[in-house]
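S.K.: Need coordinates for the following:
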Amino acid sequence: SAGSYQNASGAAECLRCKPGSLCPRGASLELPAACEPGTYANATDADGDPDCFDCPAGSSCGGGAAPPAECSPGSVTATPGLFKCERCSAGSYQNASGAAECLRCKPGSLCPRGASLELP
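M.R.: All right, here's what the predicted structure looks like:
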């Protein structure tokens, strides 16, 4: 059935497809999902074709079957559906992973582009 596969001859049961994999009816192997950049697949539904979802804010999604990757400190994605994280602009910083916005640098501190902390 769709959503499962079997790669061994003579087997009595099919194996369930891993989340994010494509397993059409009669599949003998799992195929990676074909999600566009900015989206990811997190489940295989009954038709065997994984659904693609917008990448959450604070993460980047390269497409295919890759799961969302949290933005590293110093970079953010403010809106869902983006395929790459953007570095914080000069005058701002972000010290946490998976953030959706940069923080404004305090007066008297130095924050170059892509800063992950305020410098004295």
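S.K.: now the residue sitting nearest the centre point of the chain, nearest residue through space, not along the chain?
M.R.: In the chain, the residue lying closest to the centroid (CA atoms, centre = their mean) is residue 68, at 1.5 Å. Nearest in space to residue 68, with sequence neighbours left out and distances taken as CB to CB, 6 or more residues apart in numbering, is residue 59 at 3.8 Å. Any C-beta I mention is one placed from the backbone N, CA and C, and that applies to glycine too.
S.K.: Correct me if wrong: that neighbour contacts residue 75.
M.R.: No: Residue 59 lies out of contact with residue 75 (CB atoms under 8 Å); the separation is 10.7 Å.
S.K.: can you pull the pLDDT of the residue nearest to the centre of the chain?
M.R.: Predicted confidence (pLDDT) at residue 68: the value is 93.
S.K.: same question, residue 116
M.R.: So residue 116 comes in at 97 (pLDDT).
S.K.: got any ranges where this structure has weak pLDDT?
M.R.: Applying pLDDT under 70 to the chain flags the ranges 1-2, 19-20, 42-50.
S.K.: Which parts of it are strands?
M.R.: Applying DSSP state E to the chain gives strands spanning 4-5, 15-16, 21-22, 31-32, 39-44, 50-54, 59-60, 69-70, 75-76, 86-87, 92-93, 103-104.
S.K.: Out of those strands, flag the one nearest residue 114.
M.R.: Closest to residue 114 of the strands of the chain is strand 86-87 (CB to CB; 3.7 Å).
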